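Participant: Structure here, sequence nowhere to be found:
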């Protein structure tokens, strides 16, 4: 409903030759105090809109990137993605490279044969078997690695490694010590050593006892590469320090700007539209960031498909938050418009009231009465409407990680509450004459 500070429906439009906010003589109504108040209101609303994308990033970093359970839940599906599995098979195969051992093994046999006086051609033939032996070993390694990576074992290794490495992820972003996930120059890497160990044990069990001599490897899977990594790390530290207070500050600034405005309903609509525009800009920034990320990952270390999957998975909740803020802003702006004095809002509210009156008269004609409740609701309809508006706001503020479905659910609950209030108020307005006329 329209605020007490909004213009009533019957207010004539301003004179076409008088500047907005002035009377016909060019003076500011209310004096300079009102001008200062309007300027401060506009400034606070603009600041709030500018802080919307920063607040969204803060929530994502604080609640997803730096939260162990949420981070593990975010990256866990990567273990079952075909592109990530193929990359893991390749990296594990490179780590368990046994070619050097096979060449030395055939060379030792050939030297022994020559020392025993056997024909040199036979020794050369045995030494030449190294490539064939390399191929056989490579196939065995790839087969075992693929079996592990495509099994539940790899998912368990992946999830366990990410959970154990979460502190290292935080340290990588804040520039502290290294871990399974760490920073090497301009690159964020993940150590796949645990998977290599499992492949070694599988090779030994498959009949390749020489695999037990494979040294420990710290083969790295590149997660992110950027020349601006230092800047990203500084930004992450700043967002982490902001914590949970930045979204609250954004809401307070926007709310204060609306309360200071002379026309609060119009200010609320503009603030909501500004927040929606800021959300769209953040969505565009994500598109640009994705392209930048994919263009700066060397194809030799990570395929474009695998890099796309990693990026989309990591920022999934960020995208959800951006869309949620966008939808919420549009819903608030629409509600502010429909509560205004325009022709369409007045027609919509009039139709709703007529429908409520019709339903109330029909109920009265059939003996359904609300008594004092209806009369009290009719007398206090404005206060009840404000309360009905504040309840979804409070629920949304306390909701843990709201989504678009949360916004839609709360909007439907609000519409239902407003419909009940309108119907009760209509029963309070229905008098005995109306009931007698319907019965007649």
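Facilitator: Received, thanks. In this text, all values refer to a predicted model and were calculated from it rather than measured experimentally. Numbers count the residues shown, from 1 in each chain.

Participant: Show me what the helix ranked longest in the chain is packed against.
Facilitator: Taking DSSP state H as the assignment, the helix of the chain that covers the most residues is helix 264-295. Taking 3 or more CB pairs under 8 Å, 6 or more residues apart in numbering; DSSP states H and E as the contact definition, the neighbouring helices and strands of helix 264-295 are helix 32-60, helix 245-260, helix 304-314, helix 316-338. (Glycine included, C-beta is placed from N, CA and C.)

Participant: Mind putting the ones you listed into TSV with mean pLDDT?
Facilitator: Below are those laid out as TSV (pLDDT from 0 to 100):
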stretch	mean pLDDT
helix 32-60	90
helix 245-260	92
helix 304-314	87
helix 316-338	93
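
Participant: Compare the ones you listed and report which one is nearest to residue 73.
Facilitator: Across the helices and strands packed on helix 264-295, the minimum distance to residue 73, taken as CB to CB, is reached by helix 316-338, at 9.3 Å.

Participant: quick one: the closest one to helix 245-260, angle?
Facilitator: Comparing the axes of helix 316-338 and helix 245-260 via axes from the mean of the first three to the mean of the last three CA atoms, to 10 degrees yields an angle of 10 degrees.

Participant: Show me what helix 316-338 is packed against.
Facilitator: Judged by 3+ CB pairs under 8 Å, 6+ apart, helix 316-338 is in contact with helix 32-60, helix 68-75, helix 264-295, helix 343-365, helix 404-429.

Participant: Which residues does it contact?
Facilitator: Outside helix 316-338, the residues within contact range by CB atoms under 8 Å, 6 or more residues apart in numbering are 52, 56-57, 59-60, 63-64, 70, 74, 265-266, 268-269, 272-273, 275-276, 279-280, 282-283, 286, 345, 348-349, 396, 401-404, 406-408, 411.

Participant: ok, of those, which come out buried?
Facilitator: 52, 56-57, 59-60, 63-64, 70, 74, 265-266, 268-269, 272-273, 275-276, 279, 282-283, 345, 349, 402, 406-407, 411 (16 or more other CB atoms under 10 Å).

Participant: As CSV, the helices and strands packed on helix 264-295 with distance to residue 237 would be great.
Facilitator: Putting these into CSV (distance: least, CB to CB, whole Å) gives the following:
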stretch, distance to residue 237
helix 32-60, 12
helix 245-260, 14
helix 304-314, 18
helix 316-338, 18
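
Participant: wait, which of those is closest to residue 354?
Facilitator: Shortest separation from residue 354 across these is recorded for helix 316-338, at 16.1 Å, computed as CB to CB.

Participant: in that closest one, what counts as buried?
Facilitator: 317-318, 320-322, 324-333, 335-338.

Participant: and the angle for that helix with helix 404-429?
Facilitator: For helix 316-338 against helix 404-429, the angle by the same axes, to 10 degrees is 20 degrees.

Participant: Using CSV, please lay out the helices and strands packed on helix 316-338 together with distance to residue 85.
Facilitator: CSV is the format used below for these (distance: least, CB to CB, whole Å):
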stretch, distance to residue 85
helix 32-60, 27
helix 68-75, 14
helix 264-295, 19
helix 343-365, 54
helix 404-429, 31
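
Participant: Mean pLDDT lowest where, among those?
Facilitator: Summarising mean pLDDT across these, the least confident stretch is helix 68-75, with a mean of 76.

Participant: buried stuff in that one?
Facilitator: Neighbour counts over helix 68-75 (16+ other CB under 10 Å) mark 70-72, 74-75 as buried.

Participant: Just give me the closest of the residues you listed to residue 46.
Facilitator: residue 70 (32.0 Å).

Participant: Count residues in the vicinity of residue 201, would you?
Facilitator: As a burial measure, the neighbour count of residue 201 was computed by other CB atoms under 10 Å and equals 13.

Participant: hang on, it in a strand?
Facilitator: No. Secondary structure of residue 201 (DSSP: H, G, I helix; E, B strand; the rest coil): helix, not part of a strand.

Participant: What backbone torsions are found at residue 366?
Facilitator: Its backbone dihedrals place residue 366 at phi -100, psi 20, with angles given as degrees, to the nearest 10.

Participant: no, scratch that, I was asking about residue 367
Facilitator: Dihedral pair for residue 367: phi 80, psi 10, per degrees, to the nearest 10.

Participant: What is the burial count for it?
Facilitator: Here the number of neighbours of residue 367 (other CB under 10 Å) works out to 7.

Participant: Please apply the same query to residue 241.
Facilitator: The number of residues packed around residue 241, counting by other CB under 10 Å, is 11.

Participant: What's the per-residue pLDDT of it here?
Facilitator: The predicted local distance difference test score for residue 241 is 75.

Participant: Am I right that it is in a helix?
Facilitator: Yes. With the criterion set as three-state DSSP, the secondary structure at residue 241 is a helix.

Participant: Of the helices and strands packed on helix 316-338, give the one that comes closest to residue 234.
Facilitator: Ranking the helices and strands packed on helix 316-338 by proximity to residue 234 (CB to CB) places helix 32-60 first, at 13.5 Å.

Participant: So which elements touch that closest one?
Facilitator: Contacts of helix 32-60 with other secondary structure elements, assessed using 3+ CB pairs under 8 Å, 6+ apart, are made with helix 229-242, helix 245-260, helix 264-295, helix 316-338.

Participant: Can you check which of the helices and strands packed on helix 316-338 gets nearest to residue 384?
Facilitator: Ranking those by distance to residue 384, with CB to CB as the measure, places helix 404-429 first at 5.1 Å.

Participant: what comes up buried for the closest one?
Facilitator: Neighbour count says helix 404-429 has 406-407, 409-411, 414, 417-418, 421-429 buried, by 16+ other CB under 10 Å.

Participant: other SSEs contacting it?
Facilitator: Contact partners of helix 404-429 among helices and strands, from 3+ CB pairs under 8 Å, 6+ apart: helix 316-338, helix 343-365, helix 372-379, helix 381-398.
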